[in-house]
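Colleague: Need the 3D shape of this:
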Amino acid sequence: MLRAQDKAVVLAGDIGGTKTNLGLFRMGKRRPIPQVIETYSSQKATNLESIVEQFLDKHQVPIRSGCFGIAGPVRNGRCKATNLPWEVSEVRLKRRFKWTRARLMNDLAATGLAVPLLSGREICSLNKQRVTRRENVGLIAPGTGLGIALLIWKDGQYFPLPSEGGHSDFAPKNEAEIALWQYLHHRLGHVSYERVLSGPGLFIIYCWLKYTGQGSEPRWLAKKMNEGDPSRAISGAALVEKDPVCVKALNLFVSRLGAAAGNLALTGLTRGGIYLGGGIAPKILPKLRGEDLFMKAFIDKGRFAGLLVRIPVRVILNDKAALLGAAHCAFEMGK
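Modeller: Residues are numbered from 1 along each chain as shown. Model (predicted):
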């Protein structure tokens, strides 16, 4: 129970293209402990300040400091969100809410800060390799977009290195993927990994399969997609093998996710492991674990397959990991 006289409370935020999570945290023995968490629709809000104001009106406690992970590049305390019409500024947040300390950081960098704090129950292993401490770690997170980041081990601690690697060129590996690339290039111009490895990307893969005559769409599926999230309907149908086109779409998605994760492992030499974050990976865990699609594509790197096979791969099950990392940063700022 939060009280107005509580002093050691920080505000943490995880700002995504679909939803924004805000939470108040106290420091526990080894990591921040959430006291209250609220979720808001990002799409329905005009800016971050309106969401924060709504949250603080409901939870009126003094804020020690605030840190917000946001899906987009942060430079000089400012960010133009990639999948939102928002521009967020540390200066504007401090001025609006009269805070002395506020920080914006990339949402995957925030997730990276949480990785060393996660318990075994918050992680699922995709292979049997043990995590090597004090080595670089990679994070790849498909959700509304595709986040990619590294944790670099230096001077006895991890430093998050954000990136916009999700917008790098999608590299097809076979004739089917070349045809997918051509389909996307004709419609979008530049084809990035995010165009394929995201919630909207899974729907695009499905549409391409249907467009090229690789299956028909049953009425029950069309109805389900029209009523809610099309990508969730596709992945749900695929996991129970209820529709062959959905199965094909999810198989291709998982294979390409494995390939992209392998690329990240090579780029960062992530002997400390690759972690899959975001909202999609936990939801398709049976596909990631139960078949060899992901790990086969992850390892399939020619002469460096022997290196990749020794790298541990984990799925982050805690859907508030970015919020936890932001809270950790907020407490570090207050020291």
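Colleague: The host helix or strand of residue 183: which residues count as buried?
Modeller: Per DSSP states H and E: residue 183 is located in helix 175-188. Neighbour counts using 16 or more other Cβ atoms under 10 Å place 177, 180, 181, 183, 184 of helix 175-188 among the buried residues. C-beta here means a position set from N, CA and C on the backbone, and glycine is covered the same way.
Colleague: Tell me which residues of the following helix or strand past that helix come out buried.
Modeller: Using DSSP H and E, the helix or strand that directly follows helix 175-188 along the chain is helix 199-211. Buried positions in helix 199-211, judged by neighbour count with 16+ other Cβ under 10 Å: 199, 200, 201, 202, 203, 204, 205, 206, 207, 208, 209.
Colleague: And the strands in the stretch 201-335 of the chain?
Modeller: 274-276, 313-316 (DSSP state E, counting those that start in this stretch).
Colleague: Columns distance to residue 47, mean pLDDT and mean neighbour count on top of the ones you listed, output as CSV?
Modeller: Formatted as CSV, the strands of the stretch 201-335 of the chain follow (distance: least, Cβ to Cβ, whole Å; pLDDT from 0 to 100; neighbours: other Cβ atoms under 10 Å):
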stretch, distance to residue 47, mean pLDDT, mean neighbour count
strand 274-276, 30, 97, 26
strand 313-316, 28, 97, 22
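Colleague: can I get those strands in CSV with distance to residue 128?
Modeller: Shown next, in CSV, are the strands of the stretch 201-335 of the chain (distance: least, Cβ to Cβ, whole Å):
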stretch, distance to residue 128
strand 274-276, 14
strand 313-316, 10
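Colleague: can you tell which of those strands is closest to residue 256?
Modeller: Among the strands of the stretch 201-335 of the chain, strand 274-276 comes nearest to residue 256, with 13.1 Å by Cβ to Cβ.
Colleague: Check which helices and strands that closest one sits against.
Modeller: Using 3 or more Cβ pairs under 8 Å, 6 or more residues apart in numbering; DSSP states H and E, the elements in contact with strand 274-276 are strand 137-142, helix 244-268, strand 313-316.
Colleague: what residues does that strand touch?
Modeller: Strand 274-276 has contacts (Cβ atoms under 8 Å, 6 or more residues apart in numbering) with 111, 115, 123, 126, 137-142, 257, 261, 264-265, 288, 298, 311-316.
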